[in-house]
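In: Build me a model from this:
(chains A and B)
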Amino acid sequence: NAGVTQTPKFQVLKTGQSMTLQCAQDMNHEYMSWYRQDPGMGLRLIHYSVGAGITDQGEVPNGYNVSRSTTEDFPLRLLSAAPSQTSVYFCASSGWGRTQTQYFGPGTRLLVL
Amino acid sequence: SQQGEEDPQALSIQEGENATMNCSYKTSINNLQWYRQNSGRGLVHLILIRSNEREKHSGRLRVTLDTSKKSSSLLITASRAADTASYFCATGGQETSGSRLTFGEGTQLTVNP
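Out: Numbering: from 1, shown residues only, chains lettered A, B, ... in the order given. Alright, predicted model coming up:
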């Protein structure tokens, strides 16, 4: 199994541009989530999904959209990039349930100029 | 805001010494998990302790949980240079849905050879 994969690994955007960060998992996990990690801030939850067709907002959802058309894929869309969205983005997945552990992708480093 | 707060923010020790990191949280939890992050990589799950457990061991790791004080500690015994990483606690809440976790800001551990 590849686990959780993310593309691209690194991206530079100009303010106002849009882009999609890809995330895929091959473990048949119901739960998938997107976090952003900023220096000294730990991980903050952007959006999450408890299954295909179901998404919900996390702690910092503004400026981001998600969809979950399949169990495997959970893309994150930046609608109009801003310098404040410069960060490292991690996708994670897990089975359903409170005691499930999360599996993380390698991250996408995004720089918005 | 973050649920968990790690203490200390940074810890530097010599190889062979023990490392202790603490995590405090604010609301009732179902479980608490510890994750490790090597520089520039995704997080990797280390250990999970349920709210009705007080102590758990896994290899050189020992986790304690005190729900009355809303705190947990992670002890790494006989540390190695390869243990150098950031360590995060994450809580699964009683009220939050399914697999959702809230992460702390992390402790940066440096083990000097």
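In: C-alpha from now on. contacts and neighbour counts both.
Out: Fine.
In: Skipping adjacent residues, who's closest to the residue in chain B that chain A sits nearest to in space?
Out: Here chain B gets closest to chain A at one residue, residue B:105, 3.8 Å apart by C-alpha to the nearest C-alpha. In space, and not counting its chain neighbours, residue B:105 is closest to residue A:42: 3.8 Å by C-alpha to C-alpha, 6 or more residues apart in numbering or on different chains.
In: list the contacts for residue 106?
Out: Defaulting to chain A. Residue A:106 makes contact with A:4, A:5, A:6, A:9, A:90, B:41, B:42, according to C-alpha atoms under 8 Å, 6 or more residues apart in numbering or on different chains.
In: The chain in question should be chain B.
Out: Residue B:106 touches A:40, A:42, B:5, B:6, B:9, B:86, B:87, B:88, B:89, counting by C-alpha under 8 Å, 6+ apart.
In: you'd agree the first one is up against residue B:107?
Out: No. With contacts defined as C-alpha atoms under 8 Å, residue A:40 does not count as touching residue B:107, sitting 9.7 Å away.
In: Those two: who's more crowded?
Out: Taking neighbours as other C-alpha atoms under 10 Å in any protein chain shown, residue A:40 and residue B:107 compare with residue B:107 leading, 25 against 11.
In: Who is that one paired with across the strands?
Out: Assessed by DSSP bridges, residue B:107 has beta-bridge partners residue B:87.
In: Model confidence score at residue 107, please.
Out: Chain wasn't specified; assuming chain A. Note on residue A:107: pLDDT of 96.
In: looking at chain B here, not the other one
Out: 94.
In: wait, it sits on residue B:19?
Out: No. Using C-alpha under 8 Å as the test, residue B:107 is too far from residue B:19 to be in contact (10.8 Å).
In: Spit out the residues that contact the two alike.
Out: Shared contacts of residue B:107 and residue B:19, counting by C-alpha under 8 Å, 6+ apart, come down to residue B:11.
In: Which residues does stretch A:87-100 contact?
Out: Outside stretch A:87-100, the residues within contact range by C-alpha under 8 Å, 6+ apart are A:4, A:6, A:23, A:25, A:28-38, A:50, A:101-111, B:30-31, B:42, B:48, B:50, B:92-93, B:97-100.
In: pLDDT of it, averaged?
Out: Stretch A:87-100 comes out at a mean pLDDT of 86.
In: Any idea which residue of chain A lies closest to chain B?
Out: For chain A, C-alpha to the nearest C-alpha, closest residue to chain B: residue A:42, 3.8 Å.
In: Neighbours of that residue, how many?
Out: Residue A:42: 21 neighbours (other C-alpha under 10 Å).
In: I'd say residue A:4 and residue A:74 touch.
Out: No. Judged on C-alpha under 8 Å, residue A:4 makes no contact with residue A:74 at a distance of 10.6 Å.
In: Highest neighbour count among the contacts of residue B:106?
Out: residue B:89 (33 neighbours).
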